[in-house]
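Engineer: sequence isn't available, so here's the structure alone:
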(Lines give C-alpha, C1' and ligand atoms only; values in the text may rest on other atoms or scores of the structure.)
Protein backbone atom coordinates (compact mmCIF):
# COMPACT_ATOMS: atom_id res chain seq x y z
CA UNK A 1 0.00 0.00 0.00
CA UNK A 2 2.92 2.37 0.64
CA UNK A 3 3.98 2.07 -2.99
CA UNK A 4 0.51 3.03 -4.21
CA UNK A 5 -0.22 5.83 -1.75
CA UNK A 6 3.22 7.30 -1.15
CA UNK A 7 4.41 8.35 2.27
CA UNK A 8 5.24 12.03 2.19
CA UNK A 9 6.20 14.56 4.80
CA UNK A 10 4.79 12.74 7.82
CA UNK A 11 7.08 9.76 7.35
CA UNK A 12 10.07 11.93 6.44
CA UNK A 13 9.67 13.82 9.71
CA UNK A 14 8.94 10.67 11.71
CA UNK A 15 12.10 8.99 10.44
CA UNK A 16 14.17 11.77 12.02
CA UNK A 17 12.38 11.46 15.37
CA UNK A 18 12.83 7.71 15.42
CA UNK A 19 16.47 7.79 14.41
CA UNK A 20 17.52 10.50 16.84
CA UNK A 21 15.32 9.62 19.85
CA UNK A 22 14.56 5.91 19.34
CA UNK A 23 10.83 6.58 19.22
CA UNK A 24 8.88 3.75 17.55
CA UNK A 25 7.98 4.67 13.99
CA UNK A 26 4.21 4.46 14.49
CA UNK A 27 4.41 6.73 17.53
CA UNK A 28 6.65 9.18 15.68
CA UNK A 29 4.16 9.33 12.82
CA UNK A 30 1.28 9.92 15.23
CA UNK A 31 3.16 12.79 16.85
CA UNK A 32 3.38 14.77 13.62
CA UNK A 33 0.42 13.47 11.59
CA UNK A 34 -2.25 16.01 12.60
CA UNK A 35 0.04 18.98 11.90
CA UNK A 36 1.19 17.51 8.60
CA UNK A 37 -2.47 17.00 7.72
CA UNK A 38 -3.07 20.70 8.45
CA UNK A 39 -0.11 21.64 6.26
CA UNK A 40 -1.25 19.43 3.38
CA UNK A 41 -4.88 20.38 3.93
CA UNK A 42 -4.50 23.35 1.62
CA UNK A 43 -4.25 20.93 -1.31
CA UNK A 44 -6.12 17.90 0.08
CA UNK A 45 -9.33 19.23 1.64
CA UNK A 46 -11.53 16.67 -0.09
CA UNK A 47 -9.44 13.72 1.13
CA UNK A 48 -9.39 15.05 4.68
CA UNK A 49 -13.16 15.37 4.49
CA UNK A 50 -13.32 11.73 3.42
CA UNK A 51 -11.42 10.83 6.59
CA UNK A 52 -14.05 12.67 8.63
CA UNK A 53 -16.79 10.77 6.80
CA UNK A 54 -14.99 7.45 7.45
CA UNK A 55 -15.15 8.30 11.16
CA UNK A 56 -18.90 8.87 10.78
CA UNK A 57 -18.72 12.64 11.06
CA UNK A 58 -21.55 14.53 9.42
CA UNK A 59 -19.93 16.65 6.77
CA UNK A 60 -22.68 16.92 4.15
CA UNK A 61 -23.19 20.54 3.09
CA UNK A 62 -20.18 21.69 5.09
CA UNK A 63 -17.58 24.00 3.61
CA UNK A 64 -14.73 21.70 2.43
CA UNK A 65 -12.30 23.48 4.75
CA UNK A 66 -14.51 22.76 7.79
CA UNK A 67 -14.96 19.13 6.71
CA UNK A 68 -11.17 18.82 6.37
CA UNK A 69 -10.68 20.21 9.88
CA UNK A 70 -13.12 17.60 11.19
CA UNK A 71 -10.96 14.92 9.55
CA UNK A 72 -7.90 16.22 11.34
CA UNK A 73 -9.79 16.42 14.64
CA UNK A 74 -10.93 12.80 14.49
CA UNK A 75 -7.40 11.61 13.76
CA UNK A 76 -6.12 13.59 16.77
CA UNK A 77 -8.87 12.07 18.93
CA UNK A 78 -7.92 8.57 17.79
CA UNK A 79 -4.27 9.19 18.64
CA UNK A 80 -5.31 10.31 22.13
CA UNK A 81 -7.85 7.50 22.57
CA UNK A 82 -5.28 4.78 21.86
CA UNK A 83 -2.94 6.31 24.43
CA UNK A 84 -0.18 7.63 22.21
CA UNK A 85 1.72 10.77 23.23
CA UNK A 86 0.51 14.04 21.75
CA UNK A 87 3.61 16.21 22.01
CA UNK A 88 7.21 15.78 20.90
CA UNK A 89 8.41 16.92 24.33
CA UNK A 90 6.66 13.88 25.85
CA UNK A 91 9.13 11.56 24.09
CA UNK A 92 12.22 13.63 24.82
CA UNK A 93 12.57 15.55 21.56
CA UNK A 94 14.60 18.75 21.99
CA UNK A 95 13.80 22.02 20.21
CA UNK A 96 17.50 22.52 19.51
CA UNK A 97 17.33 19.59 17.06
CA UNK A 98 14.46 20.91 14.94
CA UNK A 99 16.55 22.54 12.22
CA UNK A 100 18.86 19.55 11.78
CA UNK A 101 15.93 17.12 11.77
CA UNK A 102 14.09 19.35 9.27
CA UNK A 103 17.09 19.42 6.94
CA UNK A 104 17.34 15.63 7.11
CA UNK A 105 13.59 15.25 6.54
CA UNK A 106 13.92 17.29 3.34
CA UNK A 107 16.57 14.80 2.16
CA UNK A 108 14.44 11.75 3.06
CA UNK A 109 13.21 10.00 -0.11
CA UNK A 110 9.68 9.60 1.28
CA UNK A 111 9.11 13.36 1.05
CA UNK A 112 9.01 13.16 -2.76
CA UNK A 113 5.41 11.98 -2.73
CA UNK A 114 4.11 14.74 -0.46
CA UNK A 115 1.18 16.47 -2.18
CA UNK A 116 2.49 19.95 -1.36
CA UNK A 117 5.94 21.46 -1.84
CA UNK A 118 7.79 21.62 1.47
CA UNK A 119 10.47 24.10 2.54
CA UNK A 120 12.83 24.05 5.52
CA UNK A 121 10.81 26.70 7.35
CA UNK A 122 7.65 24.61 6.93
CA UNK A 123 9.19 21.52 8.52
CA UNK A 124 10.65 23.50 11.41
CA UNK A 125 7.27 25.15 12.01
CA UNK A 126 5.52 21.79 12.05
CA UNK A 127 8.01 20.40 14.56
CA UNK A 128 7.41 23.52 16.68
CA UNK A 129 3.63 23.09 16.55
CA UNK A 130 4.07 19.44 17.59
CA UNK A 131 6.40 20.29 20.46
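Structural biologist: Sure, I can see it. Quick caveat: nothing in here was measured; it's all calculated off a predicted structure.
Engineer: sec struct for residue 42, please.
Structural biologist: At residue 42 the chain is in coil, as set by DSSP: H, G, I helix; E, B strand; the rest coil.
Engineer: which ones are touching it?
Structural biologist: residue 116 (C-beta atoms under 8 Å, 6 or more residues apart in numbering). All C-beta atoms are positioned from the backbone trio N, CA, C, and that covers glycine.
Engineer: from residue 87, how far off is it?
Structural biologist: Using C-beta to C-beta, to the nearest Å, we find residue 42 at a distance of 24 Å from residue 87.
Engineer: would you point out the helix or strand in this structure whose mean pLDDT is lowest?
Structural biologist: When each helix and strand of the chain is scored by mean pLDDT, DSSP states H and E, helix 2-5 comes last, with a mean of 55.
Engineer: now name the helix or strand holding residue 34.
Structural biologist: Residue 34 is part of helix 25-40, with elements assigned from DSSP states H and E.
Engineer: what helices and strands are in contact with that helix?
Structural biologist: Contact partners of helix 25-40 among helices and strands, from 3 or more C-beta pairs under 8 Å, 6 or more residues apart in numbering; DSSP states H and E: helix 9-21, helix 64-81, helix 120-130.
Engineer: name the nearest residue to the residue nearest to the spatial centre of the chain, ignoring sequence neighbours.
Structural biologist: In the chain, the centroid-proximal residue (C-alpha atoms, centre = their mean) is residue 33; its distance is 2.2 Å. The shortest distance from residue 33 to any non-neighbouring residue, by C-beta to C-beta, 6 or more residues apart in numbering, is to residue 10 (5.4 Å).
Engineer: tell me who's in contact with that neighbour.
Structural biologist: Per C-beta under 8 Å, 6+ apart, neighbours of residue 10: 29, 32-33, 36.
Engineer: which one of the residues you listed is nearest residue 50?
Structural biologist: Distance to residue 50, by C-beta to C-beta, is smallest for residue 33 among the contacts of residue 10, at 15.7 Å.
Engineer: distance of that closest one from residue 27?
Structural biologist: Here residue 33 is placed at a distance of 11 Å from residue 27 (C-beta to C-beta).
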